[in-house]
Structures are given as C-alpha cells and as structure tokens.
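*Asks:* pasting the sequence and the predicted model now:
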Amino acid sequence: MTNPDSFSHITHPDQVAIVTLNRAKKRNAINGAMRNALIDAQQAVNADDAVGAVVLSGAGSSFRAGGDIGSMRERLEAPRGKVGFNGWKRQKQTHRLISTIYHMDKPVTAAVNGAAIFNHAEDR
C-alpha cells in the first residue's frame, strides 16, 4: 500500500494512517489520476481495522494548490462535444472523493503546511 512514487503515500504509525498528497513539484495540485488514487487510499484505510484515524498531509511546501491547471488545459483540447462531458466526469469524481472522505468510519483531519485551497472552500 506504500509506494513513494504514487500520487498518494500511506504510512501507519500507531494506528493512524497518514495519507500524503504526493505531487510536491506541482504543489500537490490534483489531477484525475491523483483524485482516483486518493479515493482508493481513503477506501483502503477505511477498510483497515488496524487504522483508528486518518491524517491527510501534503508533500513539500504546500498542503494543496487546488486543481492541476495542466490537466484542465488538456480537457479543453478534447474534440468538440467532449469538453462538457469530460468536465462532468471530473466533477463526478471530485464529488466521489468528497463523499468518500465524508462517509469515513474513522475521524479524518488534515496536517496543513502552507496553502490549503479546496474547491473555493476558503471563501465560505
């Protein structure tokens, strides 16, 4: 479950799963692959009876910089008629990630270093 080259990295000290966003060079900006890896990581630690709590953390100098602009640009280069559909699929996965964290059976908290911006939550 621990792969330092993956989009998320999980360690288990003392019954606490630390899920680290692992794209430090991109300030942990989330793209589609990272979003899916985080869903998988959250589901894995939720199913692990050895885990009593979860901490989300970010590698490098930022917890999270928001969405990956490069992957947004790529979606806009899709053939006509696919841009809206691709955006809908991305939003569906974003909602799935939020729902997965919300419905965890264990407490989830964040160890925030630097900027932490998530879907304009800082405005609320």
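*Replies:* Good, I have the coordinates. Numbering: from 1, shown residues only.
*Asks:* roughly how far does the residue in the chain sticking out farthest from the centre sit from residue 69?
*Replies:* Here the chain reaches farthest from its C-alpha mean at residue 80, the gap being 28.7 Å by Cα atoms, centre = their mean. From residue 80 across to residue 69, the span is 22 Å (Cβ to Cβ, to the nearest Å). For every residue, glycine as well, the C-beta is placed using N, CA and C.
*Asks:* what of residue 75?
*Replies:* Applying Cβ to Cβ, the value for residue 75 to residue 69 is 11 Å.
*Asks:* who has more neighbours out of the two?
*Replies:* A count of neighbours by other Cβ atoms under 10 Å puts residue 75 above the other of residue 75 and residue 69, at 17 against 12.
*Asks:* could you find the closest non-adjacent residue to the more buried one?
*Replies:* Spatial nearest neighbour of residue 75, chain neighbours left out: residue 86 (4.7 Å); criterion: Cβ to Cβ, 6 or more residues apart in numbering.
*Asks:* and for residue 24?
*Replies:* With Cβ to Cβ, 6+ apart as the criterion, residue 24 has its nearest non-adjacent residue at 2.9 Å, and that residue is residue 60.
*Asks:* my reading is that that neighbour lies in a helix. Confirm?
*Replies:* No. Assignment of residue 60 by DSSP: H, G, I helix; E, B strand; the rest coil gives coil, placing it outside any helix.
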